[in-house]
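predicted model follows, preceded by the sequence.
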Amino acid sequence: MERDFKRAGRSSGAAVYDLTDHTWLFALRAGVGRPPASVEKLYTSVAVLRDLGPNATLQTRVLGSGHLARSGVWRGNLYLHGGGDPTFGEATFNRIWEHGYGPTATELVRRLEAHGIRRVTGTLIADGSLFDHEPGPPSTRFAPDIPDLGGQLSALTYDHGSTPSGWSPAAFAAHELALTMRSEGIEVAATRRTGKAPSSARPLATVTSPTVTVLLRLMNVPSDDFFAEMLAKQLGTRLRGAGTTAAGARVIKEAVSGYGLHPQIVDGSGLSRRDRSSPREVVELLNELWGTVLGAQLYSSLPTVGVNGTVQTIAVRTPAKGACVGKTGTLTDVTNLAGYCHSRRGQRLAFALFVDGPPNWRAVELEGAMVATIARL
């Protein structure tokens, strides 16, 4: 590995720990803080599992302000209230992009029909008030970041934060629900205006996200930045009373500090270069989690080297294929990989490889050779 790291340059670092024999096998500039990129999602995952729990779900609801009159007429407004579910969307979209997971507008309409609602005299209003109104992450100064996130952030989103020109994510979600309602024979008008449902509004229909266990796999296997930032804001809402990235980052930092680690965390995805962590910190966290229930849940959320997700093409024709799981982290000229390996000798190993400087394609080649060496140990 040392030879590979000479080719990686002096701005790179690594750590490998034997979880079976409790010994450090390799450490090179292991204590230097660097941008973790999407390896940060390991920290986010730990906080979500610790503070929300593996079986927690998120709700998207239709609330009604008014009353149901004769002949199925709802006299008043309806509010589509977002609970921060990143999987709410159209069924075909979810089959393609979310492996079939995620509630749909059609499910909400079925529940409204069960209430006997056939026409709405008022309007359908989008309520994304659970989170702030910043559509992007800190890395873009909270401006939209479609290339990285694939959509815009909001407590109410549809189809992974899709936003046609001139629409907010929340307003677009309400528009899509209104279209679905009308296609099912419920007369309703939607507005691009957003607003908070009054406290007197009562729930009429609710759909539920997949469990946190599933959400983390949907986040970690493809390294989905949108999911990571949505979950960070969810943590801020639940634990700090503020649906902001900053509040969520504080919760994540607090969760990690419980293991005696103090990386610099400013977001949930690792897109910000102001995030800082060292290979040693990552490996120490993996070591602390090994053999715990939370650790097993984290392990199951990660892709398998040479098999699937963002590590599918790494170390394909080596002993690492199928023997290691890992979280990648990529920014321009930042290429990281961290996770667990089952070595040829039957040892369980934790590792973190942070390669800064070389072009990403070259760094991936180097890390493929390094993780293969780890699997041979």
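Received the coordinates, thanks. Numbers count the residues shown, from 1 in each chain.

so where does Thr157 fall, helix or strand?
Using DSSP states H and E, Thr157 falls within no helix or strand.

what's the distance between it and Ala178?
Distance of Thr157 to Ala178, computed by Cβ to Cβ, to the nearest Å: 16 Å. (Each C-beta comes from the backbone N, C-alpha and C, glycine too.)

buried set for the lengthiest helix in the chain?
Assignment by DSSP state H gives helix 360-376 as the longest helix of the chain. The neighbour-count check on helix 360-376 (16 or more other Cβ atoms under 10 Å) flags 363-375 as buried.

what are the structural domain limits within this protein?
When the chain is parsed with automatic domain parsing, its domains come out as 2-54+214-376, 59-210.

looking at those, which is buried most?
domain 2-54+214-376 (a mean of 21; mean count of other Cβ atoms under 10 Å).

span of it from start to end?
15 Å (Cα to Cα, to the nearest Å).

and the end-to-end length of stretch 264-279?
13 Å.

just stretch 93-103 next, same as before
With Cα to Cα, one end of stretch 93-103 sits 11 Å from the other.

is it possible to get the buried residues of helix 360-376 out as TSV so that each row also shows pLDDT?
Output for the buried residues of helix 360-376, formatted as TSV (pLDDT from 0 to 100):
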residue	pLDDT
Ala363	93
Val364	95
Glu365	94
Leu366	93
Glu367	95
Gly368	96
Ala369	95
Met370	95
Val371	97
Ala372	96
Thr373	95
Ile374	96
Ala375	96
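
now, which of those sits nearest Val16?
Ile374 (5.9 Å; Cβ to Cβ).

could you find the closest non-adjacent residue to the closest one?
Cys341 (5.0 Å; Cβ to Cβ, 6 or more residues apart in numbering).

can you tell me how far Val212 is from Ser223?
17 Å.

quickly find the element holding Ala228.
Using DSSP H and E, Ala228 falls in helix 225-235.

remind me what the helix or strand just after that helix packs against, helices and strands.
Following helix 225-235 in sequence order, the next helix or strand is helix 245-257 (DSSP H and E). Here helix 245-257 touches helix 40-51, helix 225-235, going by 3 or more Cβ pairs under 8 Å, 6 or more residues apart in numbering; DSSP states H and E.

out of these, flag the one nearest Arg280.
Comparing these under Cβ to Cβ, the one sitting nearest is helix 40-51, at 13.8 Å.

summarise which helices and strands the helix or strand just after that closest one is packed against.
Later in the chain than helix 40-51, the nearest helix or strand by DSSP H and E is strand 59-68. Applying 3+ Cβ pairs under 8 Å, 6+ apart, we find strand 59-68 packed against strand 73-81, helix 105-114, strand 119-127, strand 202-208.

quick check: closest non-adjacent residue to Pro54.
Thr213 (4.6 Å).

so the one you found is in contact with Asn55, correct?
Yes - counting by Cβ atoms under 8 Å, Thr213 does reach Asn55; the two are 7.2 Å apart.

which one of those two is surrounded by more residues?
Set side by side, Thr213 and Asn55 show more neighbours around Thr213, with 17 against 8, by other Cβ atoms under 10 Å.

wait, Ala372 touches Ala320, no?
Yes - counting by Cβ under 8 Å, Ala372 touches Ala320, with 4.8 Å between them.

still on that earlier bit, can I get the buried residues of helix 360-376 in JSON lines with distance to Arg10?
Compiled in JSON lines, these are given as follows (distance: Cβ to Cβ, whole Å):
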{"residue": "Ala363", "distance to Arg10": "14"}
{"residue": "Val364", "distance to Arg10": "19"}
{"residue": "Glu365", "distance to Arg10": "19"}
{"residue": "Leu366", "distance to Arg10": "14"}
{"residue": "Glu367", "distance to Arg10": "17"}
{"residue": "Gly368", "distance to Arg10": "21"}
{"residue": "Ala369", "distance to Arg10": "18"}
{"residue": "Met370", "distance to Arg10": "16"}
{"residue": "Val371", "distance to Arg10": "21"}
{"residue": "Ala372", "distance to Arg10": "23"}
{"residue": "Thr373", "distance to Arg10": "20"}
{"residue": "Ile374", "distance to Arg10": "21"}
{"residue": "Ala375", "distance to Arg10": "26"}
